[in-house]
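1. Turn this into a model:
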Amino acid sequence: MSAPSSSRTSRPFGRLLVAAAAAFLLLLTAACSDSPEGNLVADGVEDDELPTQPAPTTTVPKECETLDPPVTAEDAPEVTVPEGEAPTALVTDDITEGEGPEVVAGDDVQVQYTGVKFSDGSEFDSSWDDLSPIDVTVGLGGVIQGWEEGLVGMRLGGRRQLVIPPDLAYGEATGEETDHELAGETLVFVVDLVGHCTPVAGDDTTDDDTDDGSDEGTTGDDGTETTVPDPAEDGGDDGGDGDTTTTEG
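-> Below you'll find the model as predicted:
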C-alpha cells in the first residue's frame with residue numbers, strides 16, 4: 001500500500017461544520033477539530049459550495065459519548081483489499097462490534113477512517129494522518145451514499161470495513177473533465193466510530209403537557225439545546241440505489 005497522500009484534494013467529505021455538526025462539537029467533552037481540507041463532500045460539490053442541511057423541524061435533546069481513552073496514531077488500521085472481483089453492491093464487515101446503541105439516521109457521529117482503491121490497494125486518504133476525525137449527521141446527504149448506508153448499525157468503538165462500488169461513491173468514469181478523480185473506482189474504507197450522539201429518551205413536552213405548536217427547542221440535561229431534522233421532510237434518499245451485503249467479522 002502506498003504512503004498516505006500529502007494532498008487533501010482527494011478526501012471525499014470536506015468540512016461538515018454545518019448546524020448539526022456544530023451542535024455535536026458543543027456536546028462532546030473531548031475537543032474536536034474541523035474536518036480536513038479537501039473535497040470529501042458528496043460528488044460534484046466544491047469546497048466553496050458545501051452542502052446545506054435542511055432546516056430542523058424537530059428539536060430534541062441528545063446525549064453524546066466519545067471513546068475513553070481516545071484513539072492514538074498507533075490504533076490506525078491496516079486496510080486489505082478483499083480477494084476476488086469488485087462487488088457491485090455495498091459490502092460491510094464488522095471487524096470490531098463496539099458497544100452502546102446502534103447508529104441510525106439522524107444521529108451525529110464522529111469517525112476516523114482510511115480509504116484505499118480496490119483496483120490496486122493504493123491509499124488515497126486517511127484521517128489518521130493527523131488524528132482529525134470527521135463529523136457526520138447520518139442521513140442528510142453530506143457524504144457519499146456508501147457511507148450514509150454503511151455507517152448505520154455501527155456502535156461506539158466499532159471498526160467496520162466498507163467496500164463501496166462506484167454508483168455509491170463517485171459514479172462511473174465518463175472521460176469528461178467533470179469526473180471526480182475517484183470516478184469509476186470501487187473504494188475500500190476501514191472506519192472507526194469514535195463519537196456518537198443519540199436522542200435522549202423521554203417526554204420532551206412542557207410540564208403542563210400542553211403543546212402550543214411552537215418550534216422552540218428542548219434543552220437537555222447539560223443545558224445545551226440541540227436539533228435534528230425531521231426525516232419526513234429531509235427529502236434525501238433513504239436507501240440508495242445499491243443493495244447491501246453484510247458479513248460478520
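
2. number of nearby residues for E149?
-> By the measure other C-beta atoms under 10 Å, the count of residues near E149 is 23. In this view, the C-beta of every residue, glycine as well, is placed from N, C-alpha and C.

3. sorry, that was for E65
-> E65 has 18 nearby residues by other C-beta under 10 Å.

4. I'd like the next helix or strand past the helix or strand harbouring it.
-> Per DSSP states H and E, E65 falls inside strand 62-66. For strand 62-66, the following helix or strand on the C-terminal side (DSSP H and E) is strand 90-96.

5. Have a look at the chain and report its longest strand.
-> Longest strand of the chain, by residue count under DSSP state E: strand 187-199.

6. Tell me what angle that strand forms with strand 90-96.
-> Angle between the axes of strand 187-199 and strand 90-96 is 70 degrees (criterion: axes from the mean of the first three to the mean of the last three C-alpha atoms, to 10 degrees).

7. Averaged pLDDT, the strand holding E65. What do you get?
-> Strand 62-66 carries an average pLDDT of 93.

8. Need the CA coordinates for that strand. CSV is fine.
-> Taking Å, rounded to 0.1, in the frame of the first residue of the first chain, the C-alpha atoms of strand 62-66 are listed here in CSV:
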residue,chain,number,x,y,z
LYS,A,62,-29.1,14.5,22.6
GLU,A,63,-26.6,12.5,24.7
CYS,A,64,-23.1,12.2,23.3
GLU,A,65,-20.3,9.8,24.1
THR,A,66,-16.7,9.6,22.9
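
9. Partner strands of it and their direction?
-> strand 187-199 (antiparallel) (DSSP bridges).

10. Let me know the distance separating G195 from D167.
-> Remark: distance between G195 and D167 (C-beta to C-beta, to the nearest Å) = 29 Å.

11. ok, the two, which is more surrounded?
-> G195 (24 against 17).

12. what bridges to the closest residue to that one other than its chain neighbours?
-> Computed as C-beta to C-beta, 6 or more residues apart in numbering, the closest residue to G195 that is not its neighbour in sequence is Q110, at 3.1 Å. Counting by DSSP bridges, Q110 is bridged to D135, G195.

13. Number of residues surrounding Q110?
-> For Q110, the neighbour count with other C-beta under 10 Å is 24.

14. Could you do E185 as well?
-> E185, neighbours per other C-beta under 10 Å, totals 24.

15. Over to the one 4 residues further on?
-> For F189, the tally of surrounding residues (other C-beta under 10 Å) stands at 24.

16. Per-residue pLDDT of it, please?
-> 98.

17. show me what contacts it?
-> Each residue near F189 by C-beta atoms under 8 Å, 6 or more residues apart in numbering is listed here: V79, Y113, T114, G115, V116, G146, W147, G150, Q161, L162, I164.

18. For P61, see how far away it is.
-> Distance from F189 to P61, by C-beta to C-beta: 31 Å.

19. next one: D108
-> 13 Å.

20. Looking at the two, which one has more neighbours?
-> Taking other C-beta under 10 Å, D108 and P61 do not tie; D108 has more neighbours (25 against 21).

21. Need phi/psi at the more buried one.
-> In terms of degrees, to the nearest 10, the main-chain angles of D108 are phi -100, psi 130.

22. Might one say that it is in contact with V136?
-> Yes - between D108 and V136 there is a contact at 7.4 Å, judged by C-beta atoms under 8 Å.
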